[in-house]
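*Asks:* below are the sequence and a predicted model; questions follow.
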Amino acid sequence: MPFKALASFLPSKASLPRWAILLALSVILVLGLEMLGLPASLLIGPMVAAIVVALTASKTQLRVPRWPLLFGQALVGFLMARAITVDIVKTMADDALLFLSLIFAIIAAAGLLGYVLTKLQVLPGTTAVWGSSPGAAAAMTIMSESYGADARLVAFMQYLRVVFVAVAASVVSTLWTSAEGAEPPPLIFFPPVDWPAFAATIALTGFCAYGAARLRIQGGTIILPLIIGSTLQGLGLLTIELPLWLLAISYALIGWSIGLRFTPGIMAHAARALPRVAASILTLMSICGLMAFALHKLAGVDPLTAYLATSPGGADSVAIIAASSDVDMPFVMAMQVGRFLVILLTGPMLARFIARKSGLAMSRV
């Protein structure tokens, strides 16, 4: 039995050449995306590489082993927990009414657009609801499959929006600050590591992945590490140590898991849906722009801070741009993190609600 369990973690000898091709293509795409300054390269690169391999494979498809994938998903949960700092929580608490009003307004706008796409049957089932969610792209992609949506098309919508938002935020930042635009910081794959903190993080990640699988908690690989990690971090009992090389592995596993399931039919569906999906993304960005204008006029928040705070998703990219601009960084990140938390809690309920209103009968939603 131990040997059988170990074998489930390893690829077969016959598939090794294709895994090597997938790995090489992933590295090339990540480097290319980094040179272009595009966001989420460590996830998008492997996902696109996996799509290419899946569409060109003639026989048996590659599959990412279950337990490494669950572990990688739990790492993403701890990554998100690391962003919930005491300073951000204090900023949200000081202006709770303002934050909640804007957060729910953005989510409501995104939900309405998701409903329209669902009603028009642009994408199957509640896929458009999860894909329209304004933030937490990795979490929504991972969780959507637990609730019956098509994770491939959810990823297509989410990361298309991430790119749109990042490009728009860079342009706006450049125009308003007369700067050259924010550049992503260089990737440092092997930073100094706090080994005791690293060991604790790895142990808790394994515990959360195993617990979510055994208890069959929908979206548990994100929810459990988020709750446990943020609580322990807030109490000063845990330093979440996630070196970039480890995150790169987890992103690659998640990206491969999504990309390897693409088929010519799914690609054709995504291509047909692209114009309407892009229109919905631009509409949501315009609505958020109007909210930023209102925030500036009514609350006195400077224009760039208001725009970055209300940008619908792409929190990592927004953080990079905000860090290199003259803005209220805690305010921007508090809004982004606050919206992520609300989306994480309300996403499944919103999907069920829209499914009922759209007349969908989905057993897993």
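*Replies:* Noted; the coordinates are in hand.
*Asks:* for burial, what's the neighbour tally of residue 16?
*Replies:* 11 (other CB atoms under 10 Å). Every residue, glycine included, has its C-beta placed from N, CA and C.
*Asks:* ok now whichever strand or helix holds it, how far from the chain's centre?
*Replies:* For residue 16, the element it lies in under DSSP states H and E is helix 16-36. On the basis of CA atoms, centre = their mean, to the nearest Å, helix 16-36 sits 20 Å off its chain's mean C-alpha point.
*Asks:* need the contact list for residue 270.
*Replies:* For residue 270, the contacting residues are 153, 156, by CB atoms under 8 Å, 6 or more residues apart in numbering.
*Asks:* in the protein, where is pLDDT below threshold?
*Replies:* By pLDDT under 70, the low-scoring segments of the chain are 1-14, 37-40, 58-60, 170, 174-187, 314-317, 319-325, 358-365.
*Asks:* ranges for the strands of it?
*Replies:* Under the criterion DSSP state E, the chain carries no strands.
*Asks:* remind me, longest helix of it?
*Replies:* helix 264-299 (DSSP state H).
*Asks:* can you pull the buried residues of it?
*Replies:* 266, 269-270, 273, 277, 280-281, 284-285, 287-289, 291-292, 295-296 (16 or more other CB atoms under 10 Å).
*Asks:* burial count for residue 195?
*Replies:* Under the neighbour criterion other CB under 10 Å, residue 195 is assigned a count of 9.
*Asks:* gap between it and residue 204?
*Replies:* Per CB to CB, to the nearest Å, residue 195 is found 15 Å from residue 204.
*Asks:* the stretch 51-200 of the chain: helices as residue ranges?
*Replies:* Along the stretch 51-200 of the chain, counting by DSSP state H, counting those that start in this stretch, helices occupy 66-82, 86-94, 96-119, 127-132, 137-146, 151-177, 195-215.
*Asks:* which helices and strands does the first one pack with?
*Replies:* Read that as helix 66-82. helix 137-146, helix 195-215, helix 220-234, helix 244-259 (3 or more CB pairs under 8 Å, 6 or more residues apart in numbering; DSSP states H and E).
*Asks:* next, format these as a markdown table and append distance to residue 108.
*Replies:* Below are the helices and strands packed on helix 66-82 laid out as a markdown table (distance: least, CB to CB, whole Å):
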| stretch | distance to residue 108 |
| --- | --- |
| helix 137-146 | 17 |
| helix 195-215 | 29 |
| helix 220-234 | 23 |
| helix 244-259 | 28 |
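*Asks:* tell me the most buried of these?
*Replies:* Ranked by average neighbour count under the criterion mean count of other CB atoms under 10 Å, the helices and strands packed on helix 66-82 are headed by helix 137-146 at a mean of 26.
*Asks:* got a list of what the residue lying closest to residue 89 once chain neighbours are set aside touches?
*Replies:* Distances taken as CB to CB, 6 or more residues apart in numbering put residue 234 closest to residue 89, at 7.5 Å, once the chain neighbours are dropped. Residue 234 makes contact with 84, 86, 89, according to CB under 8 Å, 6+ apart.
*Asks:* and the residues you listed, which is closest to residue 63?
*Replies:* residue 84 (33.1 Å; CB to CB).
*Asks:* now the spatially closest residue to the closest one that is not a sequence neighbour: how far from residue 297?
*Replies:* Nearest non-adjacent residue to residue 84, counting by CB to CB, 6+ apart: residue 230, 4.3 Å away. According to CB to CB, residue 230 stands 34 Å off from residue 297.
*Asks:* the closest residue to residue 137 other than its chain neighbours: neighbouring residues, count only.
*Replies:* Computed as CB to CB, 6+ apart, the closest residue to residue 137 that is not its neighbour in sequence is residue 158, at 3.9 Å. Neighbourhood size, residue 158 [other CB under 10 Å]: 26.
*Asks:* any idea how far residue 158 is from residue 213?
*Replies:* Taken as CB to CB, the span from residue 158 to residue 213 is 24 Å.
*Asks:* and the helices of the stretch 51-200 of the chain: which comes nearest residue 351?
*Replies:* Of all those, helix 127-132 comes closest under CB to CB, at 4.7 Å.
*Asks:* could you export that closest one as CSV, CA atoms only?
*Replies:* C-alpha atoms of helix 127-132 as CSV (Å, rounded to 0.1, in the frame of the first residue of the first chain):
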residue,chain,number,x,y,z
THR,A,127,-19.8,29.6,-14.7
ALA,A,128,-20.5,33.3,-15.6
VAL,A,129,-21.3,34.1,-12.0
TRP,A,130,-18.0,32.7,-10.7
GLY,A,131,-16.1,34.2,-13.6
SER,A,132,-17.7,37.7,-13.0
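*Asks:* re earlier: deepest of the helices of the stretch 51-200 of the chain, which one?
*Replies:* Compared across these, helix 127-132 shows the largest average neighbour count, a mean of 31 (mean count of other CB under 10 Å).
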